[in-house]
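Participant: Build the 3D model from these lines:
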Amino acid sequence: MIEHILIVFTVGLCFTFVRNDFSYYKTDYYSEKYGHFSEFERVEMLEAAKEMFYWGYDNYMQHAFPLDELDPIHCTGRGPDHDNPSNININDVLGDYCLTLIDSLDTLAVMGDSDGFIQAVQLLTDHLSFNRNNTVQVFEANIRVLGGLLSAHLIITDPAQPFGNMTPPNYDDDLLHLAHDLGSRLLPAFENTATRLPHPRVNLLLGVPVDTHNSTCTAGAGSLLVEMGMLSHLLGDPVYEGAARRAIKALWSYRDASTGLLGNVIDITTGQWTNKLSGVGAGLDSFYEYLLKSYILFGDDGDLKMFNAAYRKIKRFMRKGRSHCNMGVGDHPLYVNVNMHSGRPATTWIDSLSAAFAGTMVLHGDIEEAICAHALYYSIWKRYGVLPERYNWRLKAPDLRFYPLRPELVETTYLLYQATKNPFYLHVGRDILLNLNKYAKTTCGYATVHDVSDKTLEDRMESFFLSETCKYLYLLFDRDNHLNTHSHKFIFTTEGHVFPVQRRFRSKRWSQQWGSKRPRVDSVVQTPTVLNHSDSSCYQVLTKRRYFLPMESRYFEQVISTVGL
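Facilitator: Predicted structure coming up:
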C-alpha cells in the first residue's frame, strides 16, 4: 500500500514523497558514492566552512577595512575607481561605504559570533557615512548595503535572540537610521521618469548624474521591493515600497503581448526594449525571485499572480528536453535564452546566475524541476572545478571563463538539501568547498578565478563571497542552526540576507493610520490549507531518492556525459 507524506511549502505548493516497495532498486556507483554522508564528515565540513569565512573576513578586516573590498592577492583594500568613473564593473558596486563589512553582518550572526557581530556594528556606527560623492548602481546598493543593514537591525531587535545575544550596548536603531539615510539617497533614481522605471545609477551626494545612462536591466529595476518594502514597514513610510512597486508594475506592463515574456534591458525614457533576450539568468533572475519572495513577506496577491504567470511562460518557452526530470526519454531538461517576441531560442549559452533559478523552484515547490536544473550546473562545476560565467551547451565549452566566487550553485545546493535531506547535496557542498580551497584560496583571502581552464586568478574578492557563498556552505552543514530548524520563519534576500517572515509585515501601518481598509492577511505565514496546482509542479518524489540519488542514475549519468565528463 502506498503511503503519501505531504510536505507543504510556504507559498502553498507541494511535492509528494511516495513510500513504496523499492527492493528492486539496486545500488550502483553513484548511489554508493553519494548515498551516505557520515556525521563525522558533516562536522568536519561545518568547521571547514567556518574557517573559510573567517579566512576571508579576518583578512578583509586586517588589510582592507574601511575600504569596500579586499584584494586577496596583494593583501590590500579597494574602493571606487575615482580615476576612471566609467569603470562600472567597480564603481557600480563600491561606494566608500565599508561594503564587505555590511554584507558580512548577518553571516557573523548566523554563525553565532556575538562578539564579532557587535564589534562590526559598532565599527559601522563609528565609520559609516553615505555623504559621499560617489555614483553607485541602485540595484547593488539596495541588495548589498540596504539589505545588510536591515537584516542586522532585525537580528538585533529580535526579542528571541535566536543566534545568541546580538544586541550592542546602547543600540538606538543605529543601523535602521543608516538604512533610512541610504534609502532616501536612492529615491531620486525613481523621480521624473516617464515610464516609472528607475534610473540605474545615483550619486549618493548629488542625485541622478547628468550624464547617466538611460538603460536598465529587468532585474536591476525590478528587484528592489524586498529591501525597499522592508524599509517602509520598519519606518511606517510607504514611499520606498511604493517606488519599488511602481517599477515592477511598469516592467510588467512592457512584457510582450504575444508571448508574455520580458526582455533583458529596457530604455527607461521610452519603454523600448534594447535587449530582447529573455531567460532565467543575468538581467532577469532576481526579478522572478522577488515576485515570489515579496508575496511571502508582504502578502500582496498581485505579486504571486505575476510570478505564476511568468513561471508558466518560462516553462512554455524556455524549457527544453524531456517532460519530466525522472521519467521518460529525451534530452536532459534545460532552460535556454529566447527572443522575448517569438519565444524561439536566441543563444546557445547559459550563465552561472541562472543556477539560482533552481532555488526559486524549490521555494515554489517545484522540487523535481529544481533537482534536474541543479544537476546540470553541478555537472559543469565538476567538469571545470568551478563554474564558468557562461557555458555553451552546444559546443560543450565555456563562452566566458571567469568565476568570481558566485554563490548561486551553493545556494541551490543548500535549499535542495533542506527540501529533500538527500545526502547527495552534502557531497556537492563538500566538492564546492574543497575546490574553493584548492583553486581560489590565497595568502589573505579568496580570489576570483580568471580562467576556469588554467585556474589563473584575479585580485578581487567580492562581498557576496562572505555574504552568500560562505553563509550557504555553513548552513548546509549546520544541521541545528536556527535558520534550519525554523526555516518557515525566514527568507533569504537575493544577496543572502536574512529577513523574518512575520504577520506584522503583511499589514501596512500607513494604511491603518490613514483609515484605509486593512488588507487581508493570508495564512501563508503559517501552513497553508489551499494548494496551487496551476503549474503542475506537484510531481511525486519517490522515497528511494531520499536514500540514494535525487535523480535516477541513468539520468544523472546522462547529464554528466552531456557536459563532457
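Participant: Residues in contact with stretch 307-324: which ones?
Facilitator: 259-262, 278-280, 288, 291-292, 295, 328-338, 343, 345, 364, 368, 532, 534-535, 539 (Cβ atoms under 8 Å, 6 or more residues apart in numbering). (Each C-beta comes from the backbone N, C-alpha and C, glycine too.)
Participant: let's see 7 Å
Facilitator: The contact list for stretch 307-324, computed with Cβ atoms under 7 Å, 6 or more residues apart in numbering, reads 259-261, 279-280, 288, 291-292, 295, 328-336, 338, 343, 364, 368, 534-535, 539.
Participant: What about residue 407, how many residues nearby?
Facilitator: Counted with other Cβ atoms under 10 Å, the neighbours of residue 407 add up to 26.
Participant: What's the separation between it and residue 253?
Facilitator: Using Cβ to Cβ, to the nearest Å, residue 407 is found at 32 Å from residue 253.
Participant: in the sheet, who's paired with the closest residue to residue 275 other than its chain neighbours?
Facilitator: Spatial nearest neighbour of residue 275, excluding adjacent residues (Cβ to Cβ, 6 or more residues apart in numbering): residue 265 at 3.6 Å. Counting by DSSP bridges, residue 265 is bridged to residue 217, residue 275.
Participant: how about residue 265, what does it touch?
Facilitator: 215-217, 273-275, 283.
Participant: Filter these down to the buried ones.
Facilitator: Listed as buried from the contacts of residue 265 are 215-217, 273, 283; burial here means 16 or more other Cβ atoms under 10 Å.
Participant: if I look at the residue nearest to residue 275, how far off is residue 251?
Facilitator: From residue 265 to residue 251 the distance is 11 Å (Cβ to Cβ).
Participant: what does residue 361 give?
Facilitator: Counting by Cβ to Cβ, the gap from residue 361 to residue 251 is 22 Å.
Participant: now do residue 509
Facilitator: 27 Å.
Participant: Neighbour count for the two, which is higher?
Facilitator: residue 251 (23 against 16).
Participant: show me what contacts the residue lying closest to that one once chain neighbours are set aside?
Facilitator: Once flanking residues are discounted, residue 251 sits nearest to residue 222: 4.8 Å by Cβ to Cβ, 6+ apart. If you count contacts by Cβ under 7 Å, 6+ apart, residue 222 has them with 247-248, 251, 287, 290.
Participant: Identify the residues contacting the closest residue to residue 347 other than its chain neighbours.
Facilitator: Leaving aside its sequence neighbours, residue 347 sits nearest to residue 337 (Cβ to Cβ, 6+ apart; 4.4 Å). By Cβ under 7 Å, 6+ apart, the residues touching residue 337 are 277-279, 346-347.
Participant: do residue 244 as well
Facilitator: Neighbouring residues of residue 244 by Cβ under 7 Å, 6+ apart: 224-225, 228-229.
Participant: separation between it and residue 291?
Facilitator: With Cβ to Cβ as the criterion, residue 244 and residue 291 are 12 Å apart.
Participant: before we move on, what about residue 448?
Facilitator: Counting by Cβ to Cβ, the gap from residue 448 to residue 291 is 30 Å.
Participant: mind listing the strands for the stretch 201-350 of the chain?
Facilitator: Per DSSP state E, counting those that start in this stretch, the stretch 201-350 of the chain has strands spanning 201-203, 215-217, 265-267, 273-275, 277-278, 319-320, 334-335, 338-339, 349-351. These are given in chain order.
Participant: Out of these, which is closest to residue 465?
Facilitator: strand 349-351 (18.0 Å; Cβ to Cβ).
Participant: Switch the strands of the stretch 201-350 of the chain over to a markdown table; also include mean pLDDT and distance to residue 372.
Facilitator: A markdown table is the format used below for those (pLDDT from 0 to 100; distance: least, Cβ to Cβ, whole Å):
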| stretch | mean pLDDT | distance to residue 372 |
| --- | --- | --- |
| strand 201-203 | 97 | 38 |
| strand 215-217 | 96 | 27 |
| strand 265-267 | 98 | 29 |
| strand 273-275 | 97 | 28 |
| strand 277-278 | 98 | 21 |
| strand 319-320 | 96 | 10 |
| strand 334-335 | 96 | 9 |
| strand 338-339 | 98 | 19 |
| strand 349-351 | 98 | 14 |
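Participant: neighbour-wise, which of the contacts of residue 244 leads?
Facilitator: residue 224 (30 neighbours).
Participant: Residue 125: neighbouring residues, count only.
Facilitator: 16.
Participant: quick one: secondary structure of it?
Facilitator: helix (DSSP: H, G, I helix; E, B strand; the rest coil).
Participant: Begin at 813, not 1, for the rest of this chat.
Facilitator: Taking 813 as the first residue, the last one we looked at is residue 937.
Participant: got the contact list for it?
Facilitator: Taking Cβ under 7 Å, 6+ apart, one finds residue 986 in contact with residue 937.
Participant: where does residue 1283 land in three-state SS?
Facilitator: From three-state DSSP, the assignment for residue 1283 is helix.
Participant: how close does it sit to residue 1073?
Facilitator: When residue 1283 is compared with residue 1073 (using Cβ to Cβ), they lie 32 Å apart.
Participant: Compare these two and say which is more crowded by neighbours.
Facilitator: Per other Cβ under 10 Å, whichever of residue 1283 and residue 1073 has more neighbours is residue 1283, with 29 against 24.
Participant: State the pLDDT value of that one.
Facilitator: Predicted confidence (pLDDT) for residue 1283: 98.
Participant: My guess is it contacts residue 921. True?
Facilitator: No. Assessed by Cβ atoms under 7 Å, residue 1283 is found out of contact with residue 921, at 10.1 Å.
Participant: For the most centrally placed residue in the chain, give me its contacts.
Facilitator: Nearest to the geometric centre of the chain sits residue 1306, at 3.3 Å (Cα atoms, centre = their mean). Residue 1306 makes contacts with 955, 1035, 1098, 1101-1102, as judged by Cβ under 7 Å, 6+ apart.
Participant: want to throw those into JSON lines with distance to residue 997?
Facilitator: Converted to JSON lines, the contacts of residue 1306 look like this (distance: Cβ to Cβ, whole Å):
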{"residue": "955", "distance to residue 997": "15"}
{"residue": "1035", "distance to residue 997": "18"}
{"residue": "1098", "distance to residue 997": "21"}
{"residue": "1101", "distance to residue 997": "25"}
{"residue": "1102", "distance to residue 997": "21"}
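Participant: Inside helices: which ones of those residues?
Facilitator: In this view, the contacts of residue 1306 that belong to helices under DSSP state H are 1098, 1101-1102.
Participant: longest helix anywhere in this structure?
Facilitator: The chain, longest helix under DSSP H: helix 851-875.
Participant: List of residues touching that one?
Facilitator: So helix 851-875 is contacted by 882, 884, 887-889, 912, 916, 919, 923, 1238, 1241-1242, 1245, 1248-1249, 1256-1258, 1273, 1277-1278, 1282, 1285-1286, 1289-1291 (Cβ under 7 Å, 6+ apart).
Participant: Look up how far residue 1288 lies from residue 1190.
Facilitator: Applying Cβ to Cβ, the value for residue 1190 to residue 1288 is 13 Å.
Participant: The two: which is more packed in?
Facilitator: Neighbours per residue, other Cβ under 10 Å: of residue 1190 and residue 1288, the larger number sits with residue 1288, 29 against 25.
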